[in-house]
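Novice: Just the structure for this:
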Amino acid sequence: MNVTKISFAMKRITEPELMESPAQVKAYAEADFSKSDSMVLIGLEKFLKQSGKTLDESNLIIDIACGPGNIAELLALNWPSVRVIGIDGSKQMLIEAKRNLRKSDSKIFGKLSYENIDINSIASSEKSLPFFADIIVSNSALHHLHSPESFWTALQKLGEEKCIHFHRDLRRPCSIDKAYEMQEKYFINAPEILKKDFYASLKASFTVEEVKQQLIDAGLSQLKVFEVDELYLEIIGYV
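Specialist: Numbering: from 1, shown residues only. Take a look at the predicted model:
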């Protein structure tokens with residue numbers, strides 16, 4: 001029996017690195033991404049348990065490209081003694097994140113904060129931070145970078161020695177037709193702006209093999225890449 005091997009024929013097409021239009025920020029702030037957001041928390045908890053790592057007030061978690069702060073708040077609520085910092089290059093997204101924080105559980109006040117910093121400026125050493133993370137997480141951040149090398153360089157500059165990494169991102173489909181099919185499957189009832197952005201993000205994302213090569217090139221081959229499902233990959237480990 002002949003088996004047809006599927007090749008990744010669709011070339012990557014980049015999208016804007018930052019989300020700054022008011023309409024775009026409003027749509028993301030109002031959308032329900034709770035299922036995807038919770039997978040970051042669940043995955044990180046699982047890795048910490050497997051590693052025998054416990055967190056306390058001496059630890060810092062950085063959420064890269066935190067957007068309106070959904071995941072940063074989940075992290076702060078789950079580990080209320082731990083300091084959490086959300087970083088994003090979009091001022092508009094952070095306005096929304098800070099607004100959400102004011103409505104949030106009072107026990108995370110003082111433990112969760114936000115910094116308006118572009119990841120590229122960290123990679124280029126234009127910006128340096130007075131803190132280093134014990135854990136760095138991100139959700140759908142990598143594919144926004146036009147040069148993924150900037151992402152991996154910045155992460156190395158942000159982390160303490162033996163920093164734990166948990167990154168979740170979209171996987172690029174094998175064709176434009178498949179990307180459109182996934183848009184209709186997962187975002188059929190979403191506002192048009194979210195459907196458009198999801199489609200663009202699928203085209204801008206990477207394959208598992210591409211991410212593996214990025215890690216080798218960055219000297220980070222100790223991080224492991226996993227296919228989660230048809231939509232997502234995860235990158236996990238210590239640096």
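Novice: C-alpha only now, for contacts and for neighbours.
Specialist: OK.
Novice: quick one: the helices in the protein?
Specialist: Listed in chain order, the helices of the chain (DSSP state H) span 22-30, 34-51, 70-78, 91-102, 119-123, 148-158, 176-186, 192-204, 208-217.
Novice: For my notes, please list the ones you listed in CSV and give mean pLDDT for each entry.
Specialist: CSV is the format used below for those (pLDDT from 0 to 100):
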stretch, mean pLDDT
helix 22-30, 88
helix 34-51, 95
helix 70-78, 95
helix 91-102, 94
helix 119-123, 96
helix 148-158, 97
helix 176-186, 94
helix 192-204, 96
helix 208-217, 98
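Novice: highest average neighbour count across the ones you listed?
Specialist: helix 70-78 (a mean of 22; mean count of other C-alpha atoms under 10 Å).
Novice: Would you mind extracting the C-alpha trace of that helix into PDB?
Specialist: In PDB, the C-alpha atoms belonging to helix 70-78 read as follows (Å, rounded to 0.1, in the frame of the first residue of the first chain):
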ATOM      1  CA  ASN A  70      -5.700  36.600  31.300                       C
ATOM      2  CA  ILE A  71      -2.900  34.100  31.900                       C
ATOM      3  CA  ALA A  72      -0.900  36.400  34.200                       C
ATOM      4  CA  GLU A  73      -4.000  36.600  36.500                       C
ATOM      5  CA  LEU A  74      -4.400  32.800  36.400                       C
ATOM      6  CA  LEU A  75      -0.800  32.400  37.500                       C
ATOM      7  CA  ALA A  76      -1.100  35.000  40.200                       C
ATOM      8  CA  LEU A  77      -4.300  33.500  41.600                       C
ATOM      9  CA  ASN A  78      -2.900  29.900  41.500                       C
END
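Novice: Contacts for that helix next, please.
Specialist: 37-38, 40-41, 63, 66, 82-86, 97, 101, 105, 107-108, 111-112 (C-alpha atoms under 8 Å, 6 or more residues apart in numbering).
Novice: Run the chain-centre distance for that helix.
Specialist: How far helix 70-78 lies from its chain's middle: 14 Å, per C-alpha atoms, centre = their mean, to the nearest Å.
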